[in-house]
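Asker: Sequence and predicted model, in that order:
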2 protein chains.
Amino acid sequence: MALTNGLEVQKEILDAEIKSFFDSAPPLKDSDDVSGKLEEFVKKNSVPSGSGEVRRVVCVTSGGTTVPLEQQCVRYIDNFSSGHRGAASTEYFLKAGYAVIFLYRRGSCQPYCTSLPDDPLLESFECTDDSNIKVCQSHSEVVRNAITKTHAAVTGGLLLKLPFTTIFEYLQMLQMIAFSIRSLGPHAILYLAAAVSDFYVPWKSMAEHKIQSGSGPLDMRLVQVPKMLLVLRKDWAPRAFCISFKLETDSKILLEKADMALKKYKVHMVVANELSTRKEEVVVVRSNEKISVRRNQSPGVVDVECPLVELIVGRHSAYIENPDLW
Amino acid sequence: MALTNGLEVQKEILDAEIKSFFDSAPPLKDSDDVSGKLEEFVKKNSVPSGSGEVRRVVCVTSGGTTVPLEQQCVRYIDNFSSGHRGAASTEYFLKAGYAVIFLYRRGSCQPYCTSLPDDPLLESFECTDDSNIKVCQSHSEVVRNAITKTHAAVTGGLLLKLPFTTIFEYLQMLQMIAFSIRSLGPHAILYLAAAVSDFYVPWKSMAEHKIQSGSGPLDMRLVQVPKMLLVLRKDWAPRAFCISFKLETDSKILLEKADMALKKYKVHMVVANELSTRKEEVVVVRSNEKISVRRNQSPGVVDVECPLVELIVGRHSAYIENPDLW
């Protein structure tokens, strides 16, 4: 009883922190537009198909969030993430028949575009003699693939792309998505691959103008971003299958941190990955198992996201069958 | 005499700070490749044309630099800059007959690409019925323009693009460029439009691994980046025409800060711009004049960079005629 009360008090403190975070955040631009798109997307994908089967929906978050250091923002802290993991995973979820809400950092890697050169337009096209343009032979396959598959998924109503930049935008949009997929119950997955800032400067305590470099060093105090994951799991979308990611550069603490996250946030799975080997191997951590997933475990597999998504889809099926066992 | 000694001591301290910055910076990857490209580019553009006139060369720096917070970098501080100013200016310098070294932040805006949509490949092309791709009618002009003009400038040997990400890469490459254009004397311009970090974490005092978010707020101390501008002017490329940029969000202090920069760093011009109006107006500050340059001062002008570069080209001609008057 004492323990329950202790946890309740902790939850109350967290709820207050989260309320304060959202209350002080700059309002989301295009909020109505985003919520309209979400409503339409979820509604369309809620209708059972001819076979009577309900479409599964996954929200894939991707790329890093920024933390502004000034209200009229010149400087910000950013989290490194190319968005490759989220983009590649989206492709495999679409292939497995899921509808995907792709919540991505503006400018980060896009689904079907992971093999394109850095500057796809300038590096993949050339001018013809009659001053028209054509795709270079060497890139024609990947370029055609990127454009046709993206258009097919978007116009088919199976891929909704929503961009963010700051931590404020990301968390506001994630909350909107979580609310919108509640109606799908266990058929929805939250696949939280984005690299979300742990620290931020509360909007109200932020400098209005550019910080001056006049004299001496710059001392900054950042406070922790409230841990939304627990609230996402418990309140925002309690029946969705929830997978979080843990990235570390130090392999010695990785699995321990992943275990802690699993217990603390009550997510269904944690995907643990180490910065230097993240494209080769990840470890899926559950309460009773740790499964190593490797890129090269089957011949011809290009990305580690292929076996990873395969594993998740299997576990999601089991979850849909019997959510209470999880 | 006392004053001179005071300045000399200051210069010695600065030189020591700069040496320490470069000594502790992670070595530039592809350093040999960059220096080879630079040598070839400057050599090609040093040969007088048929009319006996020497080609002018400008180094345009563009976009923001990052400051890593961890050696195995997950988090970094970034300076907001789309790179629009540098990209548009490059176009006008090329139009005016200059050869351009475009030192740009990876992923930032490119010359001839400022009117493209956010994701040019996915937004400008569509699939045809025979599953080929073609450029959409609405974007065909800007896309063709971007590709043909970029290819013409690059293959014609008039545009050399060099990307950077961190403050360490930026300053190392800027030094290499400055050394390489010394031979061009007053025919070279340094047009420093990049948004360079004022503060950084010295490589050696940086955390090796990802900073943990275990408990409490994060306190960070950043030290000032040594002011390289004075050394660039005086030692690296003393005869080049040197233009720096000053961006502020507070118009009240802008011109004063620009004046201070002019005196402190001995540059030939400072372009002062305020964040909210920077696409409409800039003020060119010299020791004896302040010239307001506005986008709409001539009919049909799209960018403020058009009259700005025109003004600079005129002043550069005067400088070449008689550098000692400046």
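Answerer: Yep, that arrived. Numbering: from 1, shown residues only, chains lettered A, B, ... in the order given.

Asker: contacts and neighbour counts: CA atoms only from here.
Answerer: Fine.

Asker: Which residue would you name as the spatial centre of chain A?
Answerer: The residue lying closest to the centre of chain A (C-alpha atoms, centre = their mean) is residue A:61, at 1.4 Å.

Asker: Is the host helix or strand of it in proximity to chain B?
Answerer: In the assignment (DSSP states H and E), residue A:61 maps to strand A:57-62. No: Strand A:57-62 lies out of reach of chain B by C-alpha under 8 Å from any C-alpha of the partner chain, never closer than 14.7 Å.

Asker: So which elements touch that strand?
Answerer: Applying 3 or more C-alpha pairs under 8 Å, 6 or more residues apart in numbering or on different chains; DSSP states H and E, one finds that strand A:57-62 makes contact with helix A:84-95, strand A:99-105, strand A:188-192.

Asker: and of the ones you listed, who's closest to residue B:97?
Answerer: strand A:99-105 (38.3 Å; C-alpha to C-alpha).

Asker: Run the chain-centre distance for the helix or strand following that closest one.
Answerer: Using DSSP H and E, the helix or strand that follows strand A:99-105 towards the C-terminus is helix A:120-124. Computed by C-alpha atoms, centre = their mean, to the nearest Å, the chain-centroid distance of helix A:120-124 equals 27 Å.

Asker: Would you mark the buried spots in helix A:120-124?
Answerer: In terms of neighbour count (16 or more other C-alpha atoms under 10 Å in any protein chain shown), helix A:120-124 has its buried residues at A:120-122, A:124.

Asker: Can you convert these into JSON lines and add a column each for distance to residue B:297 and pLDDT?
Answerer: As requested, the buried residues of helix A:120-124 are exported to JSON lines (distance: C-alpha to C-alpha, whole Å; pLDDT from 0 to 100):
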{"residue": "A:120", "distance to residue B:297": "36", "pLDDT": "88"}
{"residue": "A:121", "distance to residue B:297": "33", "pLDDT": "88"}
{"residue": "A:122", "distance to residue B:297": "33", "pLDDT": "89"}
{"residue": "A:124", "distance to residue B:297": "38", "pLDDT": "90"}
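
Asker: So which residues lie in contact with the strand holding residue A:61, not counting its own?
Answerer: A:45, A:83-87, A:89-90, A:93, A:98-105, A:108, A:177, A:184, A:187-195 (C-alpha atoms under 8 Å, 6 or more residues apart in numbering or on different chains).

Asker: What mean pLDDT does it get?
Answerer: Strand A:57-62 carries an average pLDDT of 98.

Asker: same question, stretch A:130-139
Answerer: For stretch A:130-139, mean pLDDT is 84.

Asker: Would you mind measuring the gap between the ends of that stretch?
Answerer: The first and final residues of stretch A:130-139 sit 21 Å from each other (C-alpha to C-alpha, to the nearest Å).

Asker: And it, what's buried?
Answerer: For stretch A:130-139, by 16+ other C-alpha under 10 Å, it's A:133-135, A:139.

Asker: neighbours of residue A:294, just the number please.
Answerer: For residue A:294, the neighbour count with other C-alpha atoms under 10 Å in any protein chain shown is 20.

Asker: and the closest residue to it other than its chain neighbours, how many residues sit next to it?
Answerer: Nearest residue to residue A:294 in three dimensions, chain neighbours excluded: residue A:281, at 4.4 Å (C-alpha to C-alpha, 6 or more residues apart in numbering or on different chains). Applying other C-alpha under 10 Å, we find 21 residues neighbouring residue A:281.

Asker: measure residue A:271 to residue A:40 for me?
Answerer: From residue A:271 to residue A:40 the distance is 30 Å (C-alpha to C-alpha).

Asker: What segments of the stretch 201-326 of chain A are strands?
Answerer: A:218-224, A:241-248, A:269-274, A:281-285, A:290-294 (DSSP state E, counting those that start in this stretch).

Asker: can you put those in a markdown table and add mean pLDDT?
Answerer: Below are the strands of the stretch 201-326 of chain A laid out as a markdown table (pLDDT from 0 to 100):
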| stretch | mean pLDDT |
| --- | --- |
| strand A:218-224 | 84 |
| strand A:241-248 | 95 |
| strand A:269-274 | 96 |
| strand A:281-285 | 96 |
| strand A:290-294 | 95 |
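
Asker: So which of these has the densest surroundings on average?
Answerer: strand A:269-274 (a mean of 24; mean count of other C-alpha atoms under 10 Å in any protein chain shown).

Asker: how far away is the residue lying closest to residue A:284 once chain neighbours are set aside from chain B?
Answerer: Closest residue to residue A:284 apart from its sequence neighbours, by C-alpha to C-alpha, 6+ apart: residue A:271 at 4.6 Å. Going from residue A:271 to chain B by C-alpha to the nearest C-alpha, to the nearest Å gives 17 Å.

Asker: Report the contact partners of residue A:308.
Answerer: Contacts of residue A:308 by C-alpha under 8 Å, 6+ apart are residue A:293.

Asker: In terms of pLDDT, where does it sit?
Answerer: Value for residue A:308, per-residue pLDDT: 97.

Asker: which residues in chain A form helices?
Answerer: Remark: helices assigned in chain A by DSSP state H are A:2-24, A:31-44, A:84-95, A:120-124, A:140-155, A:167-181, A:228-231, A:251-265, A:305-321.
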